[in-house]
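1. Just need the structure, nothing else, for what follows:
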Amino acid sequence: MKKITLFSDGSALGNPGPGGYGVILRYGESEKELSGFEEHTTNNRMELKGVIEGLRALKEPCEVSVISDSSYVVKGINEWLINWIKRNFKKVKNPDLWKEYIEVSKLHKIDAIWVRGHDGHEENERCDVLAKEAAQVAKDRLT
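-> Numbering: from 1, shown residues only. The predicted model follows:
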C-alpha cells in the first residue's frame, strides 16, 4: 500500500461566505496541488472538503496521513466520527460532507494529524495560500 501525505487547509471570506480549499498530495518526491471553491460556505466545510477532494484524487487504496490545522477535521476523523455514525449524524454539523468523507475514505487507512496553523509549517502555509486564492475566485464570481 502506497504511503501518501495529504496536507489540507480551508478558508472562508466571511463565515459563511465564499470559500476555498487547498490540498497538497505527496508520494515520495512527487507532489500534486489541488484547490477548489464554493460561493457560499463555511471555513469548517472547506477544511473538510479539502480532505475529501484529496482522497478522491487517489487512484488506489493507500495509507494516508492527513495533515490539517483544523481540530474539527482531525478530531472528527480520529475521535468523533464513530459515534456520529452510531447516532446517525443527529445534531452533527455538515453531515453531508461527513458522509461523503466516509465514502471516499473507505479504501484507505487514514490517520489525521493536527498542526498549528499560521506557524511556519511549509505545506500548511502553501495550502492556506491555495485555499485563500480559491476563496477569492469564489468572491470575484459573486461581484
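
2. any low-confidence regions in this protein?
-> Within the chain, no stretch has pLDDT under 70.

3. Helices of that one, residue ranges please.
-> For the chain, the helices defined by DSSP state H cover 43-56, 71-75, 81-86, 95-105, 122-142.

4. deepest of those, which one?
-> Counting by mean count of other C-beta atoms under 10 Å, helix 43-56 has the highest mean neighbour count of the helices of the chain, with a mean of 24. Every residue, glycine included, has its C-beta placed from N, CA and C.

5. Pull the distance from that one to the chain's centre.
-> For helix 43-56, the separation from the chain centroid amounts to 3 Å (computed by C-alpha atoms, centre = their mean, to the nearest Å).

6. now do stretch 99-106
-> 12 Å.

7. neighbouring contacts of it?
-> 48, 51-52, 55-56, 77, 81, 85, 89 (C-beta atoms under 8 Å, 6 or more residues apart in numbering).
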